[in-house]
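Enquirer: Any chance you can model this:
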Amino acid sequence: MDSSTLIFVSALFVLFIFLKWFISSEDEENQSISNASASTTNGTTTLPHQQLQQQQQPRLRRDVTTDMIEVVQSLAPHLHVEQIKYDLQKTGSVQITVDRILAGDSLPFPPNYRPPPVTTNSNPVPNNIKAENLMKKYGVDEFASTGLEKPENKWLDSADKREKNLLDKKKEMILKARKRLESQMRGDADLSHVVNK
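Expert: Have a look, this model is predicted:
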């Protein structure tokens, strides 16, 4: 080997040993400081592993904002606000709460909290949504439509022609969808009686 290569490798080796010694001496100092501070707290002795557990456990009460609750509620609308608020107070983190929900854990209600009873309304709310018959809405006659000319797939000059072309395309799509549904229903034994009426 070349002498400069040998010097470079030996310098790297010495640097590695120096850094390892320097890093390990800092860890020993930090550990001795934490052991000294853990020795007495209010006249009781706390072991280092107990102190580590206390550091990892979050405070029981944290400030929970309505934004935090709204974020969690947007991901889990089935949960009650009090459940979300209680868990956010315990964890202090939206991410941890969301991870618990996604993992399938249930969020408990706060102690001494009674969820309001679920009231069932015997009077059903009238539904304003009515089924539409597209055949009637667009004036499609399925028997007269067999002679329909296929709509053009190009840009037409006047707005009236474009509007008529668009209407023809809608009619064609409705008829194709209806025929496709009828063929599927004929293939299904449970629904074939509906088509054959």
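Enquirer: Lowest-scoring secondary structure element of this structure by mean pLDDT?
Expert: Taking mean pLDDT, DSSP states H and E as the measure, the helix or strand of the chain with the lowest value is helix 48-56, at a mean of 47.
Enquirer: Show me what secondary structure element comes after that one.
Expert: As assigned by DSSP states H and E, the chain's next helix or strand after helix 48-56 is helix 66-75.
Enquirer: got the CA positions of that following helix in CSV?
Expert: Extracted in CSV, the C-alpha atoms of helix 66-75 (Å, rounded to 0.1, in the frame of the first residue of the first chain):
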residue,chain,number,x,y,z
THR,A,66,-62.3,22.7,19.0
ASP,A,67,-60.1,22.4,15.9
MET,A,68,-58.5,19.2,17.3
ILE,A,69,-62.0,17.8,18.1
GLU,A,70,-63.3,18.7,14.6
VAL,A,71,-60.3,17.0,12.9
VAL,A,72,-60.9,13.7,14.8
GLN,A,73,-64.7,14.0,14.4
SER,A,74,-64.3,14.5,10.6
LEU,A,75,-62.5,11.1,10.5
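Enquirer: elements contacting it?
Expert: helix 81-91, helix 94-102 (3 or more CB pairs under 8 Å, 6 or more residues apart in numbering; DSSP states H and E). C-beta: built from backbone N, CA, C; applies to glycine.
Enquirer: can you pull out the helices in the protein?
Expert: 3-39, 48-56, 66-75, 81-91, 94-102, 134-137, 159-187, 192-195 (DSSP state H).
Enquirer: Now do the contacts for P108.
Expert: By CB atoms under 8 Å, 6 or more residues apart in numbering, the contact set of P108 is Q83, Y86, D87.
Enquirer: didn't the first one look like it was pressed against F109?
Expert: If I follow you right, that is Q83. Yes. Judged on CB atoms under 8 Å, Q83 makes contact with F109 at a distance of 5.7 Å.
Enquirer: Compare neighbour counts for those two and give me the winner.
Expert: Q83 (22 against 14; other CB atoms under 10 Å).
Enquirer: need the contact list for the more buried one.
Expert: Contacts for Q83 (CB under 8 Å, 6+ apart) come out as L107, P108, F109.
Enquirer: Check what pLDDT it gets.
Expert: Model confidence at Q83, given as pLDDT, is 89.
Enquirer: For it, give its distance to K90.
Expert: Q83 sits 11 Å away from K90, taking CB to CB, to the nearest Å as the criterion.
Enquirer: Repeat that for I84.
Expert: Distance from I84 to K90, by CB to CB: 11 Å.
Enquirer: likewise T66?
Expert: 18 Å.
Enquirer: Neighbour count: those two, which is higher?
Expert: Using other CB under 10 Å as the criterion, T66 and K90 rank with K90 on top: 19 against 10.
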